[in-house]
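Undergrad: with the sequence up front, the predicted model follows.
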Amino acid sequence: MPMKVVIAGAGVAGPAVAFWLAKQDHECTVIERFPSLRAAGLQVDLRNEAIEVVRRMGLLQTIRDRSVPEMGTIIVDSQGQENIVQRKIDHECESGVQGKTSKYEIMRRDLIDILYDTTKDLVTYRFGLSISHYRNIDASDEEGDADKVEITLSDGSKETFDLLIAADGQGSRIRKQMFFYKPEEDQSRWLGIFSAYYTLPRRAYDTSFCRMYHATERRLAMTRWHKEDMGQVYLMAMNNAEHFRRALDRDVASQKDAFAAVFKGMGWQEERILHALTDAEDFYADEMLQRRSTVWSRGRVVLLGDSAYCSSPIAGVGTSMALIGAYVLAGELAIHGEKNVAAALASYDVVMRPLVNQSQRLPKRSLQGWFPLSTWSIKRLHVKEWVKSKGKGAQPWAKKVHDQRWILPDYPEMCWRSKSSVWGSLPSTARSSSTDGSRPQSFWSPCAYSAASSVTDDIWLPSLALQAENGVEKAVEDWPLARELAFSKCSNCVRRVDILPSQKE
């Protein structure tokens, strides 16, 4: 029987989990406290298994079409010298690495628009409302399991649902209520890094690179360009903690004054950046935070995305974690069914916890390394990064995809590909099944798909790096001339393609 599910937050995680649940015929309602979709947002990227999740949603090409044309990352000195350049890796997936600039860079608001447009006909969106209180009801045993959850909305009305998913960000009000009586379970930590973001008019000499500038006293400034006439400034500081915290408790003008005072005398494009700071109408500032806790659910309420496991913006994986978490949560609910929601939420925790722990490894000393204190420390960092940038390609800088040992699960219960026209058009050799009695898991990276395929979002081929690691003979690139099965053990997803004759010498 379909469930009634209410989701708090229409950012990335909320519409993403609504997408998967609606495909299972659950009745989903998304509550968003803003009067419409939020237009503001930073540049985000998709990394590692999130790319595969988006492909399974059928949205990968749509995201490519709206991606930001950032060419790479440059570290500059106080004179603007650009001696350290890391270009975007065009074939990052096949090489097993991803650079600082991903192939899948997109503005957050564009990604939210894509998710909303995909789900608006399947999901009910209610804007201008928020959930001010919830209550688990119909407790069936001493451990506090519940059959329903009652929510109180900001307009005073009350409604009952089978499940409440809190996808309302790191400042989640639902999270605060969940840990109100058990604060020891909330292990969140402030990182002592203060950041501000706002738009910056583009000039003729601003090429499509992210530029990163280190100033003394643990200050960092970046510029990124997502439009022909507009870009964004990122200011980060790992100092003056009390000064910033007092300002963050006040109005926007006080926050601007605090950042202007700290970044005065930084060098590089100081005058331009601070002038834009004064005039910015979309200024946003905050202290970087990691959300940690021993549990992510209680009764019929579960945390998702930043409300559960925000890694902080400096980790650069928040959007990916939201998409992966939405997929896993929906998958576990599909496996266990509406009669065993408690087991599904517990399994969601078990599956996601290792990946979350990995994404939140940000040692203080490592963070300080990217926020040098002195001129000498900056020079030492730049020499180190210059040497790395001269390595083979950009691999010394890059994030190795196959180092991520967490494995994206397969959920055949959520697969609708057997009903698709694309599936029916494939040759029979591409539709054979291979299943076993065990719970399926994906042992293949999402990256080595064929650009020549006419159904690139529906064909998944194993990554070359993981093929070699598992002793699988290397596959050629062009579909359908591959040697082995794709990763999925779902009977609707597995494809066996034409087998090439052995090429013996």
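TA: Looks like it came in fine.

Undergrad: mind checking pLDDT for G337?
TA: We have a pLDDT of 89 for G337.

Undergrad: and it, how far from M236?
TA: 45 Å (CB to CB, to the nearest Å). Any C-beta I mention is one placed from the backbone N, CA and C, and that applies to glycine too.

Undergrad: higher neighbour count, the two?
TA: Each of G337 and M236 has its neighbours counted (other CB atoms under 10 Å); M236 has more, 21 against 14.

Undergrad: tell me what the helix or strand where the more buried one lies is packed against?
TA: For M236, the host element (DSSP states H and E) is strand 230-237. Under the contact definition 3 or more CB pairs under 8 Å, 6 or more residues apart in numbering; DSSP states H and E, strand 230-237 sits against strand 189-201, strand 219-225, helix 252-263, helix 270-279.

Undergrad: buried stuff in the helix or strand that it is followed by?
TA: Beyond strand 230-237 on the C-terminal side, the first helix or strand identified by DSSP H and E is helix 241-248. Across helix 241-248, burial judged by 16 or more other CB atoms under 10 Å covers 244, 247.

Undergrad: just the C-alphas of helix 241-248, formatted as CSV.
TA: C-alpha atoms of helix 241-248 as CSV (Å, rounded to 0.1, in the frame of the first residue of the first chain):
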residue,chain,number,x,y,z
ALA,A,241,36.3,33.7,15.3
GLU,A,242,34.7,35.8,18.0
HIS,A,243,34.6,38.9,15.8
PHE,A,244,32.8,36.9,13.1
ARG,A,245,30.4,35.2,15.4
ARG,A,246,29.2,38.4,16.9
ALA,A,247,28.6,39.8,13.4
LEU,A,248,26.7,36.7,12.4
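
Undergrad: now the angle from that helix to helix 252-263?
TA: 150 degrees (axes from the mean of the first three to the mean of the last three CA atoms, to 10 degrees).

Undergrad: could you check the angle helix 241-248 makes with strand 230-237?
TA: 130 degrees.

Undergrad: mind checking how far helix 241-248 is from the chain centre?
TA: 28 Å (CA atoms, centre = their mean, to the nearest Å).

Undergrad: use 73 as the first number from now on
TA: That works, and once the first residue is 73, the last one we named lands at helix 313-320.

Undergrad: pull the residues that contact it.
TA: For helix 313-320, contacts defined as CB atoms under 8 Å, 6 or more residues apart in numbering pick out 264, 266, 309, 326-327, 329-330, 333-334, 357-359.

Undergrad: these two touch, right, S280 and T295?
TA: No - if you go by CB atoms under 8 Å, S280 and T295 don't touch, sitting 10.9 Å apart.

Undergrad: quick one: which of the two has more around it?
TA: The neighbour comparison of S280 against T295 (other CB under 10 Å) goes to T295, with 23 against 17.

Undergrad: pretty sure G83 contacts A239?
TA: Yes - under the criterion of CB under 8 Å, G83 makes contact with A239 at 6.6 Å.

Undergrad: shared neighbours of those two, anything?
TA: Counting by CB under 8 Å, 6+ apart, the residues touching both G83 and A239 are 377, 394.

Undergrad: more neighbours: which of these two?
TA: Using other CB under 10 Å as the criterion, G83 and A239 rank with A239 on top: 31 against 25.

Undergrad: count of neighbours near F106?
TA: Using other CB under 10 Å, F106 is surrounded by 14 other residues.

Undergrad: need phi/psi at it.
TA: For F106, the backbone dihedrals are phi -80, psi 150 (criterion: degrees, to the nearest 10).

Undergrad: tell me the pLDDT at the nearest residue to it once chain neighbours are set aside?
TA: Spatial nearest neighbour of F106, excluding adjacent residues (CB to CB, 6 or more residues apart in numbering): F199 at 6.5 Å. At F199, the predicted lDDT confidence score is 97.

Undergrad: which strand residues bridge F199?
TA: For F199, the beta-bridge partners are E104 (DSSP bridges).

Undergrad: from L114, how far out is it?
TA: In terms of CB to CB, F199 sits 22 Å off from L114.

Undergrad: so where's the stretch 123-272 of the chain uncertain?
TA: 160-171, 211-217 (pLDDT under 70).

Undergrad: one step back: F199 and L114: who's more crowded?
TA: L114 (17 against 13).

Undergrad: so what's the residue count around A276?
TA: A276: 5 surrounding residues under other CB under 10 Å.

Undergrad: spell out which helix or strand contains it, please.
TA: Assigned by DSSP H and E, A276 falls within no helix or strand.

Undergrad: torsion angles phi and psi at it?
TA: Backbone torsions of A276, given as degrees, to the nearest 10, read phi -60, psi -30.

Undergrad: swap in the one 5 residues further on?
TA: Phi and psi for F281, reported as degrees, to the nearest 10, are phi -120, psi 150.

Undergrad: and E124, by the same measure?
TA: phi -70, psi -40.

Undergrad: how far away is it from V389?
TA: To V389, E124 is 15 Å away according to CB to CB.

Undergrad: now swap in Q158 and tell me
TA: From Q158 to V389 the distance is 18 Å (CB to CB).

Undergrad: and if you look at K248?
TA: 24 Å.

Undergrad: go on, P444?
TA: Distance, P444 to V389, using CB to CB: 24 Å.

Undergrad: among these two, which residue is more densely surrounded?
TA: Comparing P444 with V389 by other CB under 10 Å, the one with more neighbours is V389, at 25 against 22.
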